[in-house]
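Peer 1: just coords:
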Ligand SMILES: [Zn+2]
């Protein structure tokens, strides 16, 4: 981009997205007396110049001057009375509105003790707030982060309120070892566009919230709370956003406030692609023990959802946790085959090896019978399938003594009018139904031990499955 370094007798353009009425204040407080430069015929001060190749030294000088100006005011405030001080402090601002920060920008352990305003700012590359202390409100309203954002070891004190309102993130937001004592708000507007792409970037966005851009999901955004310390988790608020469960490992999201949040990847399908996608994302981030961490996180998110009356969501999270547990067990089984099993060792100490085999029949049956007691549809399907198909097919092939219904059994037996053999299909269904409902039929009895055994099995299975169905229905509506 051609850039002519020349004085232009004009006003800084600030940013096309900024409303004219805001520009007056911005020119006064931010642009100040910095000389104007020109980019494609439009005048900008060095701070607002939207050019990645702008002179870094010149930009840093101007930016430090801006910080210095507010710091000077802060020093003046030191010598006034407490009441006056509060009043004066509330008027002071670190005003960084609509500033365009070039490539990789680093804040060097500053302490921001008054309102720090990054509204409408653009970070063209990565930005590091590592080690910075925030003691007041920090606003990132409609700020654009085109690279990674790091808040490593950053301290947000009790007085801090960190606002990300309709902020545009493109990559990683990293709170490694950060300490939160104040409020943290992520607010998107409908339809939850903070973590999503807009098809038209940079247009009519800043300060004009009514014009809603089109959006699609951004694949590269990651929210990372690993190792951060949160004093009051309920002061962390996510509102009107789309979120991924894997972002919440290692923070314990039980008490975080989620309002109107759309969770990605929580709906189950038969291929379990969602669980796999979530785990893959964790693995891509180099997180070891991804399955264990994710399982714990899902249980915590389920608890959060349940405590706040979002039962369907809670159910989805529980299913995710169970599925992750299943994958964890699969890994263990593979390991067992690979590392422990040899035909010889199995012959030598078979009982010990069977005990060690990481298979869990209860988990397996729970999953297959009712999707962990969470899916009433699946539980109904299994119940009907077993009563109307599986057991009838068994009864067709089992020997029964069938006597006429209309006569007393003793007479039928005396007349020898009873027949033996497998039941016809209709009769088999009726027999399966009566067994499932625990009724005893005198005139139709199995003649073999196997037959009796099947009937006992159905009498155990049917009430158990009905109980699981009841559980799944209950969970849909209450805790
Ligand atoms: Zn300017």
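Peer 2: Received it, and whenever you're ready, just let me know what you need. Everything quoted here is computed from the prediction, not taken from an experiment.
Peer 1: quick one: buried residues of the helix or strand hosting residue 412?
Peer 2: Secondary structure assignment for residue 412, by DSSP states H and E: helix 409-415. Neighbour counts over helix 409-415 (16 or more other CB atoms under 10 Å) mark residue 412 as buried. C-beta here means a position set from N, CA and C on the backbone, and glycine is covered the same way.
Peer 1: right, and the helix or strand after it?
Peer 2: Criterion used, DSSP H and E; the element after helix 409-415 is strand 419-421.
Peer 1: near the ion, which residues of the chain?
Peer 2: 12, 31, 45, 48 (CB under 5 Å from the ion).
Peer 1: Double-check the last one against residue 17; I have them as touching.
Peer 2: Read it as residue 48. No - counting by CB atoms under 8 Å, residue 48 does not reach residue 17; the two are 11.5 Å apart.
Peer 1: Could you check which of the two is surrounded by more residues?
Peer 2: Comparing residue 48 with residue 17 by other CB atoms under 10 Å, the one with more neighbours is residue 48, at 27 against 18.
Peer 1: residues in contact with that one?
Peer 2: Contacts of residue 48 were listed using CB atoms under 8 Å, 6 or more residues apart in numbering, and they are 12, 13, 14, 15, 30, 31, 98, 99, 100.
Peer 1: Need the phi and psi values for it.
Peer 2: phi -100, psi -10 (degrees, to the nearest 10).
Peer 1: How about residue 56?
Peer 2: According to degrees, to the nearest 10, residue 56 has phi -60, psi -40.
Peer 1: Need the pLDDT of it.
Peer 2: On the pLDDT scale, residue 56 is placed at 90.
Peer 1: Could you give the separation of stretch 128-135 from the chain centroid?
Peer 2: 26 Å (CA atoms, centre = their mean, to the nearest Å).
Peer 1: and what of stretch 86-93?
Peer 2: How far stretch 86-93 lies from its chain's middle: 38 Å, per CA atoms, centre = their mean.
Peer 1: Quick one: the contacts of residue 48 as JSON lines, columns for neighbour count, pLDDT and secondary structure too.
Peer 2: Shown next, in JSON lines, are the contacts of residue 48 (neighbours: other CB atoms under 10 Å; pLDDT from 0 to 100; DSSP: H, G, I helix; E, B strand; the rest coil):
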{"residue": "12", "neighbour count": "24", "pLDDT": "90", "secondary structure": "coil"}
{"residue": "13", "neighbour count": "20", "pLDDT": "89", "secondary structure": "coil"}
{"residue": "14", "neighbour count": "27", "pLDDT": "89", "secondary structure": "coil"}
{"residue": "15", "neighbour count": "23", "pLDDT": "86", "secondary structure": "coil"}
{"residue": "30", "neighbour count": "23", "pLDDT": "90", "secondary structure": "helix"}
{"residue": "31", "neighbour count": "23", "pLDDT": "89", "secondary structure": "helix"}
{"residue": "98", "neighbour count": "28", "pLDDT": "92", "secondary structure": "coil"}
{"residue": "99", "neighbour count": "28", "pLDDT": "94", "secondary structure": "coil"}
{"residue": "100", "neighbour count": "22", "pLDDT": "93", "secondary structure": "strand"}
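Peer 1: Which one of the residues you listed is nearest to residue 23?
Peer 2: Among the contacts of residue 48, residue 14 lies closest to residue 23 (CB to CB), at 5.0 Å.
Peer 1: ok, that closest one - contacts?
Peer 2: Counted by CB under 8 Å, 6+ apart, residue 14 has contacts 23, 26, 27, 31, 44, 48, 98.
Peer 1: rerun that using 6 Å as the cut-off
Peer 2: Taking CB atoms under 6 Å, 6 or more residues apart in numbering, we find residue 14 in contact with 23, 26, 48, 98.
Peer 1: which residues of the stretch 151-300 of the chain fall in helices?
Peer 2: Using DSSP state H, counting those that start in this stretch, the helices of the stretch 151-300 of the chain run over 273-284, 290-307.
Peer 1: tell me the most buried of those helices?
Peer 2: A comparison of these by mean neighbour count, using mean count of other CB atoms under 10 Å, puts helix 290-307 on top with a mean of 21.
Peer 1: next one: that one to chain centre, how far?
Peer 2: 10 Å.
Peer 1: Report the next helix or strand after it in sequence order.
Peer 2: Immediately after helix 290-307, counting by DSSP H and E, sits helix 311-335.
Peer 1: can I assume residue 399 is in contact with residue 449?
Peer 2: No - counting by CB atoms under 6 Å, residue 449 is not a contact partner of residue 399; they are 10.7 Å apart.
Peer 1: if you count what's nearby, which of these two comes out ahead?
Peer 2: Set residue 399 next to residue 449 and count neighbours by other CB under 10 Å: residue 399 wins out with 15 against 8.
Peer 1: where does the more buried one sit relative to the ion, distance-wise?
Peer 2: Residue 399 is 94 Å from the ion, where distance means CB to the ion, to the nearest Å.
Peer 1: residues contacting the nearest residue to that residue once chain neighbours are set aside?
Peer 2: Excluding the flanking residues, the one nearest residue 399 by CB to CB, 6 or more residues apart in numbering is residue 447, at 4.6 Å. Applying CB under 6 Å, 6+ apart, we find residue 447 in contact with 399, 401, 420.
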